[in-house]
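Trainee: how would this look folded up:
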Amino acid sequence: MDIDLSLHSASERYHMLTQAVIPRPVAWILTQDETGITNLAPYSFFAPVCSEPPTLVVSIGHKPDGNEKDTFNNLKASGRCVLQIASVAFAAPLNLTSATLAAGQSEADEFGIELQTVPGWSLPVVAGIPVAFLCRYQQQVDLGPGNQHVVFLEAERLYLKDGLAEATERLTIASEDIDPLARLGAAEYAALGQRMKIRRPQ
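Mentor: Numbers count the residues shown, from 1 in each chain. Sure, this is the predicted structure:
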């Protein structure tokens, strides 16, 4: 099968991309508005793209009614967010936060998701989360007629759950202890199964 993507709608292309590019990590992004109301939402068009400066990229679309998502509005207003990597144990609450709530409604409050403070940082993290990058807005590129926001975030700090990493010659983070949730297509998620170590050639 050879598919000419130009002959398909944006929605059809979205479903092709998300079902073919798998598995994808999920960025569970926490922001706050100017009144302190917390927004929490998952994004799987996401990846690390640079180590100097440490930069992550996430693609943020719009709400079904065409308005900007709260994540984007909050991020542009405050310049700060927490980008979290959820473990499989968080699959249910993470999925709940993909719901479209009215502006000013907190997903954490609505779905009973506990948050905890991070010393020296203005935003909390989800309690028990294994990995969180404490980020600032760096820049963005808007793509296509719908102005899809491709947002670059500079990670200023890395928050790791106690016991997750070993400080040897190079910091080692145990993937099995993160137990990361992976995004597939449609309503499918996955956990990591078999792991392999393959050494790079000299």
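Trainee: where does pLDDT dip in the protein?
Mentor: For the chain, no stretch is flagged by pLDDT under 70.
Trainee: would you map the strands across it?
Mentor: For the chain, the strands defined by DSSP state E occupy 24-25, 27-32, 38-43, 46-51, 54-60, 80-85, 115-116, 125-126, 131-143, 148-160, 165-166, 172-173, 181-183, 189-191.
Trainee: ok, the residue at minimal distance from the centre of the chain - contacts?
Mentor: The centre of the chain sits closest to A27, judged by CA atoms, centre = their mean, with a distance of 1.1 Å. A27 makes contact with P42, Y43, S44, F46, L56, V58, L83, Q84, I85, according to CB atoms under 8 Å, 6 or more residues apart in numbering. Heads up, the C-betas are built off the backbone N, CA and C, glycines and all.
Trainee: quick revisit: which among the strands of the chain is found nearest to S98?
Mentor: strand 38-43 (5.5 Å; CB to CB).
Trainee: quick one, phi psi at P53?
Mentor: With angles defined as degrees, to the nearest 10, P53 sits at phi -80, psi 160.
Trainee: tell me the bridge partners for the closest residue to it other than its chain neighbours.
Mentor: Nearest residue to P53, sequence neighbours excluded (CB to CB, 6 or more residues apart in numbering): E154, at 5.1 Å. For E154, the beta-bridge partners are T55, R136 (DSSP bridges).
Trainee: what's the burial count for E154?
Mentor: Neighbour count for E154, taken as other CB atoms under 10 Å: 15.
Trainee: likewise A86?
Mentor: By the measure other CB under 10 Å, the count of residues near A86 is 27.
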